[in-house]
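**Q** The following comprises the amino acid sequence and a computationally predicted model.
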Amino acid sequence: MLYRWEDIKSKIKSKTKSLRSLKVRIFILLLLVGLIPSYFMKYGILQNYETRAISVRVSEVQAQLKIIANHLITYSYLQDTSSPVINAELEQLSNLYGGRVLIISGNLKVVKDTYGISEGKTIISEEVVKCFRGESMSNYDAALGYIEMTIPISETVNVELPETGEVTEKEIVRGVMLIGISCDTIHKTMDILSNKASILQLIMLVIIFGGALLLSHFLVNPLNKVTTAINEVAEGYSDKAINVPDYVETVHIIDAFNQLLGRMKVLDDSRQEFVSNVSHELKTPITSMKVLADSLLAQEDVPVELYREFMEDIAKEIDRESKIITDLLSLVKMDKKVTDMNITEVNMNELTEVILKRLRPIARKRDIEVTFESIRPVKATVDEVKISLVLSNLVENAIKYNKENGWVKVVLDADHQFFTVTVSDSGVGIPEESIAHIYERFYRVDKSHSREIGGTGLGLAITRSAVLMHRGSIRVESTPGEGTSFIVKIPLTYKA
Ligand code: ADP
């Protein structure tokens, strides 16, 4: 069957995906750690047995051959091979070890071959020649399962040394025994051993497989517990802090998650509070309008003046509602962290003049004097609309929360990095306990007064957001009954 390339690719993908699982990796690791030593053990035991068995066999046969070699000399077998005792011994040896014995005389002639094939032939082999020099050898041919060895047939004779006339014993090699024995029995034992080891290995494989399966499951289980606990929170079954103390690592993950959960809870609470505040604020003007309209409808023959008066009140409430909505929209725009800032070079002196010109008529109504002191010309790259909101909100507040015949002073200054706008007033001031809250949405020191003068409680929240979006800072100094100063510091060049 032909596989399509896509099929093969998806198969490889799913294979590598399962390999990325910690459980699979631990399982494979445990399996390897368990199995590799067992394979080495089997190989080591068999190898060790083979070398030991061969060396035992060699020394056993050598010992017997030495005895026979002595008998060969005693019975002068090299000269006459008819000795039934020796022939029986040789026969027995070759039967016992499943081998062949050749007896070679001094002139390299084979005098006896237990297979009866090579008798009378001459053998010129390196091993035999070496053995005549006294070097016996044994060779194991693992591939053929065969051991070959040579043993000298030597006689001890008394020799008189010509120089001193002393008589000493000397070994003279009269012949060589060349023997080949089969290692079938050793190999059979090895086969049996190997079979037994394989069965043992199979049993171990099953045990290790099961053990690795269980262990990998238990080792990875705490991580699964973490996932389940996080999923429960994600699916909304629980919003409690979770706890998986099995590993230090899981404790760290859970700690980080709980912190995130805490932050999300705070955000969620503040969002809920915001929504309920918004609903409340939007409902207030509507309730007033409903009351005004109902009271008009409840009366018959309402004079036109009363209608006019009530309609003026309703129009005011509509203005309020629309101001709240405008402010909310500005706030939402500021809240979007990625809002595209529209950065341009702005002449701050001119901008401040324009804003003050717009606000002076309102100030004049309450005889409040608005002055502007420009320490130096300031050009800054900022978002003009947002900075206008900052300035107008601050100056509007300075006028709104001021006394009759009061004053508002705006000072513009700059250094090489920042420009500073200070808006000071001779107004009511802000009580110390309220200072921490004035930037909160819908917070007002005196709710009813603020509402009366058209405040929404959103102005400073918008101002602060706009300042922060420019990476600036805002600070307030206030003495209740004497006045307030807001100091805004913004970088001359906007950096995203
Ligand atoms: P509002 O729309 O009510 O003016 P803001 O967010 O602009 O809302 O201001 C929040 C509150 O801070 C105001 O209600 C007022 O009590 C206080 N506040 C702001 N500016 C001044 C100021 N210059 N002098 C005294 N109080 C102020």
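**A** Alright, I've got the coordinates.

**Q** Flag every residue of this structure that's near the ligand.
**A** Counting by CB under 6 Å from any ligand atom, the residues of the chain close to the ligand are 393, 397-398, 401, 425, 427-430, 438, 443-446, 450, 455-461, 484. Placement of C-beta: from N, CA and C, glycine included.

**Q** Does Asn139 lie in a helix or a strand, and which?
**A** Following DSSP states H and E, one finds Asn139 within strand 137-141.

**Q** most remote residue from the protein's center?
**A** Gly165 (92.5 Å; CA atoms, centre = their mean).

**Q** neighbours of Met311, just the number please.
**A** 13 (other CB atoms under 10 Å).

**Q** actually Ser485, not the one I typed
**A** So Ser485, with other CB under 10 Å, has 17 neighbours.

**Q** What segments of the protein are helices?
**A** 5-19, 22-74, 84-96, 126-132, 184-235, 248-298, 304-335, 348-365, 384-400, 432-435, 447-452, 459-469 (DSSP state H).

**Q** To Thr371, which of those helices lies closest?
**A** helix 348-365 (8.7 Å; CB to CB).

**Q** which of the residues of the chain next to the ligand are buried?
**A** 393, 397-398, 401, 425, 427-430, 438, 443-445, 450, 455-461, 484 (16 or more other CB atoms under 10 Å).

**Q** coming back round to it: could you list every residue that touches the residue farthest from the centre of the chain?
**A** Gly165 makes no contacts at all, as judged by CB atoms under 8 Å, 6 or more residues apart in numbering.

**Q** Point me to the residue of the stretch 151-300 of the chain nearest the ligand.
**A** Glu281 (10.4 Å; CB to the nearest ligand atom).

**Q** ok so, going back, which of the helices of the chain sits closest to Thr114?
**A** helix 84-96 (4.2 Å).

**Q** Between helix 22-74 and that closest one, find me the angle.
**A** 170 degrees (axes from the mean of the first three to the mean of the last three CA atoms, to 10 degrees).

**Q** Give the buried residues for helix 84-96.
**A** Ile86, Glu89, Leu90, Leu93, Ser94.

**Q** one step back: so which residues make contact with the strand holding Asn139?
**A** By CB under 8 Å, 6+ apart, strand 137-141 touches Ile54, Val58, Gln62, Glu127, Lys130, Cys131, Tyr146, Ile147, Glu148, Met149, Thr150, Cys183.

**Q** Include pLDDT and neighbour count when you put the residues you listed into CSV, please.
**A** As requested, these are arranged in CSV below (pLDDT from 0 to 100; neighbours: other CB atoms under 10 Å):
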residue, pLDDT, neighbour count
Ile54, 92, 16
Val58, 91, 16
Gln62, 89, 14
Glu127, 89, 18
Lys130, 91, 15
Cys131, 91, 24
Tyr146, 86, 16
Ile147, 91, 21
Glu148, 92, 17
Met149, 92, 21
Thr150, 92, 23
Cys183, 87, 23
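
**Q** Give me the distance from stretch 200-212 to the chain's centre.
**A** On the basis of CA atoms, centre = their mean, to the nearest Å, stretch 200-212 is displaced by 31 Å from the centre of the chain it belongs to.

**Q** bridging residues for the residue nearest to Ser485 when sequence neighbours are not counted?
**A** Distances taken as CB to CB, 6 or more residues apart in numbering put Ser424 closest to Ser485, at 4.2 Å, once the chain neighbours are dropped. Under DSSP bridges, the beta-bridge partners of Ser424 are Lys409, Ser485.

**Q** Could I get the contacting residues of Ser424?
**A** Per CB under 8 Å, 6+ apart, neighbours of Ser424: Ala398, Val408, Lys409, Val411, Gly483, Thr484, Ser485, Phe486.

**Q** Need the pLDDT of the closest residue to the ligand within the stretch 201-350 of the chain.
**A** Closest to the ligand within the stretch 201-350 of the chain is Asp327: 7.6 Å, counting by CB to the nearest ligand atom. On pLDDT, Asp327 comes in at 86.

**Q** ok, Ile104 - how many residues close by?
**A** 26.

**Q** I meant Ile462, not that one.
**A** 23.

**Q** hmm, back to that, pairing partners for the strand holding Asn139, with directions?
**A** In the sheet, strand 137-141 lines up with strand 146-160 (antiparallel) (DSSP bridges).

**Q** Just the CA trace of the partner strand, in CSV.
**A** The C-alpha coordinates for strand 146-160 follow below in CSV (Å, rounded to 0.1, in the frame of the first residue of the first chain):
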residue,chain,number,x,y,z
TYR,A,146,37.4,-26.6,18.5
ILE,A,147,40.5,-26.6,20.7
GLU,A,148,43.8,-27.6,19.2
MET,A,149,46.9,-28.3,21.4
THR,A,150,50.3,-29.8,21.3
ILE,A,151,52.2,-31.5,24.0
PRO,A,152,55.8,-32.7,23.8
ILE,A,153,56.6,-36.3,24.4
SER,A,154,59.8,-35.9,26.3
GLU,A,155,62.2,-38.2,28.1
THR,A,156,64.5,-37.3,30.9
VAL,A,157,68.1,-38.6,30.4
ASN,A,158,71.2,-38.3,32.4
VAL,A,159,73.9,-36.4,30.6
GLU,A,160,77.5,-36.0,31.5
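
**Q** Now do it and helix 184-235, the angle between them.
**A** Using the same axes, to 10 degrees: strand 146-160 against helix 184-235 is 130 degrees.

**Q** So what's the gap between strand 146-160 and the chain middle?
**A** On CA atoms, centre = their mean, the centre of strand 146-160 falls 74 Å from that of its chain.

**Q** What separation do you get for the residue farthest from the centre of the chain and Glu171?
**A** Computed with CB to CB, to the nearest Å, the distance linking Gly165 and Glu171 is 21 Å.

**Q** what does Leu178 give?
**A** 19 Å.

**Q** again with Asp191
**A** 42 Å.

**Q** do Asp301 as well
**A** 158 Å.

**Q** These two - which one has more neighbours?
**A** Taking other CB under 10 Å, Asp301 and Glu171 do not tie; Glu171 has more neighbours (11 against 4).

**Q** Nearest residue to the more buried one in space, please, no chain neighbours.
**A** Ser154 (4.6 Å).

**Q** Contact partners for that neighbour?
**A** So Ser154 contacts Ala69, Ile73, Gly134, Glu171, Ile172, Val173, Arg174 (CB under 8 Å, 6+ apart).

**Q** how about the nearest residue to Glu89, chain neighbours excluded?
**A** Ile68 (5.5 Å).

**Q** pretty sure the one you found contacts Leu90?
**A** Yes: taking contacts as CB atoms under 8 Å, Ile68 lies within contact range of Leu90: 6.9 Å.

**Q** Identify the residue nearest Met149 in space, chain neighbours excluded?
**A** Ser138 (3.8 Å).

**Q** Return the distance of stretch 16-36 from the chain's centre.
**A** That offset, for stretch 16-36, works out to 17 Å (CA atoms, centre = their mean).

**Q** Start the count at 14 instead of 1 going forward.
**A** Sounds good: first residue 14 from here, last item stretch 29-49.

**Q** Can you name the residue of the stretch 264-413 of the chain nearest to the ligand?
**A** Counting by CB to the nearest ligand atom, the stretch 264-413 of the chain gets nearest the ligand through Asn410, at 3.4 Å.

**Q** Isn't that residue up against Gly472?
**A** Yes: assessed by CB under 8 Å, Asn410 is found in contact with Gly472 at 6.2 Å.

**Q** any residues in contact with both of these two?
**A** Going by CB under 8 Å, 6+ apart, no residue sits against Asn410 while also sitting against Gly472.

**Q** Check which residues of stretch 389-401 are buried.
**A** Val391, Ala393, Val395, Asp396, Glu397, Lys399, Ile400, Ser401.
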